[in-house]
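Undergrad: Mind looking at a prediction? Sequence and model below.
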Amino acid sequence: MSSGNVYETLFKQWASVGKFLVDGKRDPKEVSDVLQAIIDGKKLVEAKPTSSKKLLADWIKFYKEVFGLELDFSGIKIPDSKPGFDRLLVVAQGMTPQRLFDKCKELFPSWKYTDKSLDEVIKSDRTGENGHYAIWARDRVEADEENKNRSADFLRQRETPEITLEERELYELKFFKETGEHLDMKNWTLCAGSRNSDGDVPSAFWDDGRFRVSWNYASNHYDDLRSRSVVS
């Protein structure tokens, strides 16, 4: 990327941050702390507020506002993060594929590939059936470029944890509440941590003004079909 493009992107990002502040979607004190840390010469990873207590408090607020739930995450185990995995996703007990899809549909136009309940057809590597859990994902709008052109079959053989449909739906909801915008505007997230009853793999993306849950064969691989790797 040329220096001109970098500055253009930077100005657009700053304009977006300013809008979030005006709209009340970002805490001015947190933004100020990050900027001051950068001015003080700290690395960006140090400047980013990632206190577990603060992140969990944010998720408690999210579940209260979106689902009307009063939750206690004090006993939840947060896995050690890895460089680049800065987005904490907290899946509360009882968050199923269909429940999360229904909430998406309540908040913005949504479509799914089956008339059946997603709870009947989706099986995931991790679930909130027996309790809350947390994972780390990369904090980005588009699915991982690192996983482009890699099928679910390939990723299963690689034995790395990949995002489930439930986690992707939850990420959509959280991102929408934070920004009013949506994930995967250009690409599809391959939810390689899940399978449907036929062994196919669900995918999620935003297209034609709606959130879509579709499916792909486990062997499918394209540049714009990308899993989101996670730390679990």
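TA: Right, received. Where do you want to start?

Undergrad: next SSE after the helix or strand of the chain with the lowest mean pLDDT?
TA: Within the chain, no helix or strand scores below helix 44-47, which has a mean of 47 by mean pLDDT, DSSP states H and E. Next in sequence after helix 44-47, counting helices and strands by DSSP states H and E, comes helix 52-67.

Undergrad: Any figure for the gap between the spatially most central residue of the chain and Leu183?
TA: Nearest to the geometric centre of the chain sits Tyr171, at 3.1 Å (C-alpha atoms, centre = their mean). To Leu183, Tyr171 is 6 Å away according to C-beta to C-beta, to the nearest Å. Just so you know, the C-beta spots here come from the backbone N, C-alpha and C atoms, and that holds for glycine as well.

Undergrad: likewise Ser32?
TA: From Ser32 over to Leu183 (counting by C-beta to C-beta), the distance is 27 Å.

Undergrad: And those two? Which one has more around it.
TA: Neighbour count, other C-beta atoms under 10 Å: between Ser32 and Leu183, Leu183 has more, with 22 against 11.

Undergrad: so that one makes contact with Asp144?
TA: No. If you go by C-beta atoms under 8 Å, Leu183 and Asp144 don't touch, sitting 11.8 Å apart.

Undergrad: Could you pull out the helices in the protein for me?
TA: Assigned by DSSP state H, the helices in the chain fall at 3-22, 28-39, 44-47, 52-67, 97-107, 118-121, 152-158, 165-179.

Undergrad: Which elements pack onto the fifth one?
TA: What that stands for is helix 97-107. Contact partners of helix 97-107 among helices and strands, from 3 or more C-beta pairs under 8 Å, 6 or more residues apart in numbering; DSSP states H and E: helix 52-67, strand 110-112, helix 118-121, helix 165-179.

Undergrad: tell me the most buried of the ones you listed?
TA: Highest mean neighbour count among the helices and strands packed on helix 97-107 (mean count of other C-beta atoms under 10 Å): helix 165-179, with a mean of 22.
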